[in-house]
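[1] Just to be clear, the model below is a prediction. Sequence and coordinates:
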Amino acid sequence: MNLVRIIIVRLATTIVTLLGAAVIVFFVIRVVPGNPIAMMLPPGATDADIARLTALYGLDKSIPEQFVIWLTRALQGDFGTSISLRQPVMPLVLGRLPATLELSIFALVLAVMIGGTMALTGTRFRGTRTEAGIDVANGVGLSIPDFLWALVLILLFGVLVPVFYVSGRISPSLDLPFVTQFYVFESLVRLRFDLWWDLLKHMFMPALALAIPLAAIIGQLLKQSLKETMHLDYVVLARTKGYGENHVILFEALRNAVLPTLTLVGVQFTFLIGGTVIIERLFSYEGLGNMAIDAVINRDLPLIQGIVIVFALLFTVINLVVDMTYAFLNPRLRHA
Amino acid sequence: MQPITRRTALKGSAAVAAAALLGGRAAAQSIDELVIAYNVNLPSWDPTVGPSAVNPTIQGFYQSVFDQFILQNPDLTPAPGLLTEWGWNDDKTKVMMKVREGVTWHDGSPFTAEDVAWSLTRAADEKTGNPIQFIWSTLGNIKAEGNTVTADVVRFEPTIFKWMYFLTGYVLPKAYFEKVGPEGFEAAPIGTGPYMVDKFERNAFVRLKANENYWNGKPEFDTVTIKFVTDAASRVAEIESGNAHVTLEMPYEEYDRLRGTNGIGGVAEPISDIGMIFINDVDPMLDANVRMAAAHAIDKQTIIDRLLSGYGVAIDTLQTPEYEAYDASIKVPYDPEKAKELLAASGFSPDNPVKFKIQTTRGFKPKDYEMIQAIVGLWRRVGIEAEIEVYEIAKHYELRAADQLAPAAFYNWGNSVGDPTTSTGFAMFGPSPHSVWDGQELIDMIGPLWGEADEDKRIAAWKEVDKYVADNALVIPLLQYVQPILHANGVKVTPHASGALLPHLMTRA
């Protein structure tokens, strides 16, 4: 019953959040310097040409008028037409979203794997040089931002030992049988491991760049939680029953220690998706972030709005899922 | 025989793993599919409408797939293309164009004079959204008969045929476009150009197949993949790792570092882009001494040598040596003493400097901000204290269109047809939305030249305008850019002075 109430409340706040994001973005991008019409003026354009172009893109009306028109159409599913790409906004944005989602999820998986391994290893060898080494690695991972990791990885695995692809999402020479934009998922479903492998070789470096800072956070927090849990009575009892240290960590302590990490991972996942904007650009990965940068450079107002709305929706959905998962896993909340 | 140690075994395993992972890489030694890492995305396929149509950096894509009315040689000179002959009648009231026969569209249908007439009519129709409509609309009553196209001159435009190999000057397929509509054309564009679009992934790549029936000869590479790699460091990594055979627009230091190493060659030639400082006719730039002092205080060659590794050509007018109205005799020499004298005449000195703001982009063009920093340093020595404001290029366009630029503002200007109207004309003619100098004297000089029918007289008059502009320092031209291109040694790249990187001009070395 509580879960249902939480969902209803969160859905209501989601609508308010989206509306707020729409209002802020709509007005801000029209107030900041940079007029899309001025950017496309040809040499020799007259005042009449400027007026004609301004009217053509509906920018001759007041900003509140423009907003009302945009909102009315958006509620009917029409988010306008991209100025630079000359295509309807929403199909463009939704077409790119799967690429960003796949990259983000892959990065999350890597981060959990790396961070989890570091935390478990650090706990298993607590008080030794191994733990000290892991702490240093965590510190380095945290102190270097993802875009710098990206440049380091490009140098390492793109140039010095060129084992991964530097740019793109899949090799252009491959013919794709896909009907969806979820290439990784679909390649597995179709048992096309050649395509899956190619996709992975393209995704690995951007995903790892995104994953390293998050892995460091996970590693640090989970290790701390595990260390605290290791002193609890039930863990001591497990030890006295004769269970080995590995069993105690993996099957007794981890389940309780993982809850705070889970919440953090949920929050950090939204940051990770935000990080795709720069990372996708660096790796020329054809996702939503890369498109967002082009949209901003070109002052493509309808496209910027569409991307922000989709990002906002994505973030609220992720937060909702995290809250639900936490509520489901945590008996104190579930029975409150 | 050396014993196998753990280290050598690990090295061997790594090499095997690397070789396995590298399978399918673009190898420089035998190039079947040419891969180009391009510095910009291709937003849209219709080369005649929308912002893409007037974006000089993506014209190379368009020229690979579509033909322009008139071909442009790599040295910017015109050559017969889809039009084999063109010109006015004696009293310049009509234009006549002969259309090449035996050309086919990528779908196999014949290219005709009707396509040319339709493309011109469509470009002139303001409802189509062609940004250069104001030029195309100077022709009317466009008709095709046999292989000849005729049109009435509504308003004499001396550069009309130059626009036929400039922005939006492309011939599109009438029957196909009318059949599939703008959206269908965007999804599956066809042209008469050297390459056909095989596959297009927005924001990722375009794969082109050679047009076997290209009227100017089948291009050397059957397949060309152009990857959109907007980050310069990634482009360098692409060529360095062998993932791409050709790339362009990287920092000059990287160009120097990689050229001649590891099977990579390079070509760096001047292109039609220039760097300049707009002067707005606001205080203190209304004082001619201040403007001229600012111009004479800049040591362009040293800036080029030190900041751009020597890759640039110092210029003193808005014409580069390849342009028709270039006049080598017009000089604005580096003369800091003269600059000091000029400033002293207006009561300024290093101790009592004249102050104004200079705007610049940062990273939009090579070393743009650093150049302005250097210029501000040089100015300081003679008695000019300039405050630098960094802005985005989008803001520059907005401010310039509104005539609200700072007293000085750095910008780059492209003019791939080399006509003075599209350099000095549009940049300096007060009523133009691209000009910020509104002096009446200059307007009176330029005004009559728009419709000047005598070509020799027209070019001579533009040179006079350039001399007037230079003598009065109404703008500060800085340099002509050099475009760095890196390529695998297996490829021979012919650079185009327009800056367009054209795969059909590439051959096997």
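    Noted; the coordinates are in hand. Just so it is clear, the model here is predicted, and its values are computed rather than measured. Numbering: from 1, shown residues only, chains lettered A, B, ... in the order given.

[2] and residue 121, what element?
    Chain wasn't specified; assuming chain A. Element membership of residue A:121, judged by DSSP states H and E, is helix A:89-124.

[3] Sorry, I should have been clearer: chain B.
    Going by DSSP H and E, residue B:121 is in helix B:113-124.

[4] same check, this time on residue B:197
    Applying DSSP H and E as the criterion places residue B:197 in strand B:195-201.

[5] pLDDT below threshold where in the chain?
    Since you didn't name a chain, this refers to chain A. Within chain A, the stretches with pLDDT under 70 are A:1-3, A:34, A:39-40, A:42-44, A:329-336.

[6] my question was about chain B
    Ranges of chain B meeting pLDDT under 70: B:1-29.

[7] and the longest strand for chain B?
    As assigned by DSSP state E, the longest strand anywhere in chain B is strand B:264-279.

[8] quick one, strands of the stretch 1-150 of chain B?
    B:33-38, B:71-72, B:78-79, B:83-88, B:94-99, B:139-145, B:148-153 (DSSP state E, counting those that start in this stretch).

[9] Can you list the residue ranges for helices in the stretch 51-200 of chain A?
    Counting by DSSP state H, counting those that start in this stretch, the stretch 51-200 of chain A has helices at residues A:63-75, A:89-124, A:129-143, A:146-153, A:183-189, A:193-229.

[10] Reformat those helices into CSV and put distance to residue B:191 and mean neighbour count next to each item.
    From N, CA and C alone the C-beta is placed, and that goes for glycine too. Output for the helices of the stretch 51-200 of chain A, formatted as CSV (distance: least, CB to CB, whole Å; neighbours: other CB atoms under 10 Å in any protein chain shown):
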stretch, distance to residue B:191, mean neighbour count
helix A:63-75, 34, 14
helix A:89-124, 24, 21
helix A:129-143, 50, 15
helix A:146-153, 37, 19
helix A:183-189, 30, 18
helix A:193-229, 30, 22
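
[11] Is it possible to get TSV of those that adds distance to chain B?
    Formatted as TSV, the helices of the stretch 51-200 of chain A follow (distance: least, CB to the nearest CB, whole Å):
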stretch	distance to chain B
helix A:63-75	15
helix A:89-124	7
helix A:129-143	20
helix A:146-153	6
helix A:183-189	11
helix A:193-229	7
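
[12] so residue B:338 touches residue B:296, yeah?
    Yes. In this structure, residue B:338 is within contact of residue B:296 by CB atoms under 8 Å, at 5.0 Å.

[13] Those two: which is more packed in?
    residue B:296 (23 against 16; other CB atoms under 10 Å in any protein chain shown).

[14] show me the contacts for that one.
    Residues counted as contacts of residue B:296 (CB atoms under 8 Å, 6 or more residues apart in numbering or on different chains) are B:332-336, B:338-339, B:342.

[15] Which of those residues are buried? Put it as a PyMOL command.
    Only the buried entries of those go into this PyMOL selection, using 16 or more other CB atoms under 10 Å in any protein chain shown:
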select buried, chain B and resi 332+334+335+336+338+339+342
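
[16] coming back round to it: relative to chain A, which of the strands of the stretch 1-150 of chain B is closest?
    For those, distance to chain A was read as CB to the nearest CB. The smallest value, 6.4 Å, belongs to strand B:33-38.

[17] Say whether chain A is contacted by the closest one.
    Yes. Strand B:33-38 comes into contact with chain A (CB under 8 Å from any CB of the partner chain), by way of B:33, B:35, B:37.

[18] Weed out the non-buried ones from the residues you listed.
    For the residues of strand B:33-38 next to chain A, buried by 16+ other CB under 10 Å: B:35, B:37.

[19] And the residues of strand B:33-38 next to chain A, which is closest to residue A:153?
    Taking CB to CB as the measure, residue A:153 lies nearest residue B:37 of the residues of strand B:33-38 next to chain A, at 17.6 Å.

[20] Settle this for me: the closest one is touching residue B:229, isn't it.
    Yes. If you go by CB under 8 Å, residue B:37 and residue B:229 touch, sitting 4.3 Å apart.

[21] Now do the contacts for residue 170.
    Just so you know, I chose chain A. Neighbours of residue A:170 in contact, by CB under 8 Å, 6+ apart: A:176, A:183, A:195, A:198-199, A:202.

[22] Not quite, go with chain B.
    B:47-48, B:62, B:66-69, B:119, B:191.

[23] Likewise for residue B:37?
    Contacts of residue B:37 (CB under 8 Å, 6+ apart): A:167, B:227, B:229, B:234-235, B:238-239, B:243-244, B:246-247.

[24] how about a cut-off of 6 Å?
    Residue B:37 sits next to B:227, B:229, B:235, B:238, B:244, B:247 when contact means CB atoms under 6 Å, 6 or more residues apart in numbering or on different chains.

[25] you'd agree the second one is up against residue B:239?
    No. Under the criterion of CB atoms under 6 Å, residue B:229 makes no contact with residue B:239, lying 9.8 Å away.

[26] Counting neighbours, what do you get for residue B:136?
    When neighbours are counted by other CB under 10 Å, residue B:136 comes out with 26.

[27] list the contacts for the residue lying closest to residue A:222 once chain neighbours are set aside?
    Nearest residue to residue A:222, sequence neighbours excluded (CB to CB, 6 or more residues apart in numbering or on different chains): residue A:119, at 3.6 Å. Listed by CB under 6 Å, 6+ apart, the contact partners of residue A:119 are A:219, A:222-223.

[28] possible to save these as CSV with distance to residue A:267?
    Output for the contacts of residue A:119, formatted as CSV (distance: CB to CB, whole Å):
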residue, distance to residue A:267
A:219, 16
A:222, 15
A:223, 18
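
[29] List of residues touching the host helix or strand of residue B:253?
    If you go by DSSP H and E, residue B:253 is part of helix B:252-258. Applying CB under 6 Å, 6+ apart, the contact partners of helix B:252-258 are B:236, B:264, B:266, B:308-309, B:311, B:484, B:486.

[30] Between the residues you listed, which sits nearest chain A?
    residue B:236 (8.2 Å).

[31] The strand or helix carrying the closest one vs helix A:146-153, what angle?
    Secondary structure assignment for residue B:236, by DSSP H and E: helix B:232-240. Using axes from the mean of the first three to the mean of the last three CA atoms, to 10 degrees, the direction of helix B:232-240 lies 20 degrees away from that of helix A:146-153.

[32] So which bits of the helix or strand just after helix B:232-240 are buried?
    Later in the chain than helix B:232-240, the nearest helix or strand by DSSP H and E is strand B:246-248. Going by neighbour count (16+ other CB under 10 Å), the buried part of strand B:246-248 is B:246-248.
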